[in-house]
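[1] What follows is a predicted structure for the sequence shown.
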Amino acid sequence: MTPAIEVSNLCWRVAERPLLDGVSFALSGNGMYGVIGPNGAGKSSLLRCLYRFIRPDSGTILLNGQDIHLYSRRSFARAVAVVPQELPALFDLSTEAVVAMGLIPHKGWLAADSAADKVNIAAALAEVGLEGYGRQPFGKLSGGEKQRALIARALVQKPQFLILDEPTSHLDVRFQIEVLELLKRLDICVICTIHDLNLASALCDELLLMSRGRLEASGSPAEVLTETMLASVFGVCTTVKPHPQHGRPLIHYYYGYNGRTASQEKEEVSL
Ligand SMILES: Nc1ncnc2c1ncn2[C@@H]1O[C@H](COP(=O)(O)OP(=O)(O)OP(=O)(O)O)[C@@H](O)[C@H]1O
């Protein structure tokens, strides 16, 4: 079933500081939704609200028409999988045991893994390029391998809605592309924070641009990634052209912007 996510007027304040300020949007179906924005813009806070880690002061989040806080723990875990930004310790567990945790919402803590479960776990590890790593202690994997194992855990969960906080942050460039392509192929509703704007442009169907706790812009990469928007939200000078392969925005950065206008900077560079 295609999930519909509807976020209305989300507000979250800490010590009188508005960290999320009237955020509203709808994700109307399957696809890759990228949350972008500068450091401290509120991207992770927004995702934490979506997976019920934070309870906002006001506003609502509906999943398939029902407030997420009215779902039982188990039914929410069946529908929603999360790959957090922080890599958990889980030192004593093998990598396959960590991936198997994704099955818990479907069968409970104590049920042993069936032969079919083991096939699913091995397939998920292979999907993320970790074939043969199942017996290795999770704690001994590299940062990028851990991140991919946590994505495999989310895959075996078979969620309707997958939330990932910076899934590419520990990955080399090849795995950044492979993991995002894999997430896109899942054909479910995926929302992830991402700092690489060119990757977001190439692989996300829609972008949500956060700035200072507010949703500054949303829409297709071409609608959101404009030179003017990048200058005003990130304070960087860019030239944005269609990518020669896929036609979506390709951002070239100018260095040493230092608060001058984009056109001043470009004139200087072209001299
Ligand atoms: N629990 C909290 N208590 C107080 N302040 C918080 C809390 N969580 C987040 N913040 C603050 O809220 C702001 C937004 O944080 P958040 O992690 O959502 O930003 P972000 O856009 O994900 O940033 P980054 O790109 O650096 O990961 C930051 O200034 C952060 O310090």
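    Yep, it's here. Numbering: from 1, shown residues only.
[2] contacts, neighbours, all on C-alpha from now
    OK.
[3] Contacts only, for the residue lying closest to Leu50 once chain neighbours are set aside.
    What sits nearest to Leu50 in space, not counting adjacent residues and going by Cα to Cα, 6 or more residues apart in numbering, is Ile61, at 7.1 Å. Residues near Ile61 by Cα atoms under 8 Å, 6 or more residues apart in numbering: 5-8, 50, 67-68.
[4] Check the secondary structure at Ile61 for me.
    Under DSSP: H, G, I helix; E, B strand; the rest coil, Ile61 falls in the strand class.
[5] Name the residues linked to it by a beta bridge.
    Val7 (DSSP bridges).
[6] For burial, what's the neighbour tally of Tyr253?
    The number of residues packed around Tyr253, counting by other Cα atoms under 10 Å, is 12.
[7] Next, work out how far apart it and Thr239 are.
    Separation of Tyr253 from Thr239 (Cα to Cα, to the nearest Å): 7 Å.
[8] Which pLDDT value goes with the most centrally placed residue in the chain?
    Closest to where the C-alpha atoms of the chain average out (Cα atoms, centre = their mean) is Cys192, at 1.3 Å. Among the per-residue scores, Cys192 shows a pLDDT of 96.
[9] Repeat that for Asp117.
    Reported pLDDT for Asp117: 84.
[10] What of Cys189?
    The model's pLDDT for Cys189 equals 94.
[11] close enough to count as contact, it and Gly31?
    Yes - using Cα atoms under 8 Å, Cys189 is in contact with Gly31, at 5.0 Å.
[12] who's more crowded, the two?
    For the pair Cys189 and Gly31, the greater number of neighbours falls to Cys189 (24 against 21), based on other Cα under 10 Å.
[13] can you give me phi and psi for that one?
    Torsion angles at Cys189 (phi, psi; degrees, to the nearest 10) stand at phi -90, psi 110.
[14] what's the closest non-adjacent residue to it?
    Asn30 (4.1 Å).
[15] same check, this time on Gly42
    Closest to Gly42 by Cα to Cα, 6+ apart is Gly213, at 4.9 Å.
[16] Verify the stated contact: that neighbour with Leu20.
    Yes - contact criterion Cα under 8 Å: Gly213 and Leu20 qualify, at 4.2 Å.
[17] Mutual contacts of the two, please.
    Joint contacts of Gly213 and Leu20 (Cα under 8 Å, 6+ apart) are Gly42.
[18] Of these two, give the one with the bigger neighbour count.
    Ranked by neighbour count (other Cα under 10 Å), Gly213 and Leu20 place Leu20 first, with 27 against 24.
[19] List the contacts of the more buried one.
    Contacts of Leu20 (Cα under 8 Å, 6+ apart): 10-13, 42, 45-46, 212-214.
[20] any idea how far the ligand is from it?
    8 Å (Cα to the nearest ligand atom, to the nearest Å).
[21] So for whichever strand or helix holds that residue, what gets flagged as buried?
    Under the criterion of DSSP states H and E, Leu20 resides in strand 17-27. For strand 17-27, a neighbour-count test (16 or more other Cα atoms under 10 Å) marks 19-24, 27 as buried.
[22] which residues in this protein form helices?
    Secondary structure of the chain (DSSP state H): helices at 43-50, 73-79, 95-100, 104-107, 115-127, 143-157, 173-185, 197-203, 221-224, 227-234, 262-270.
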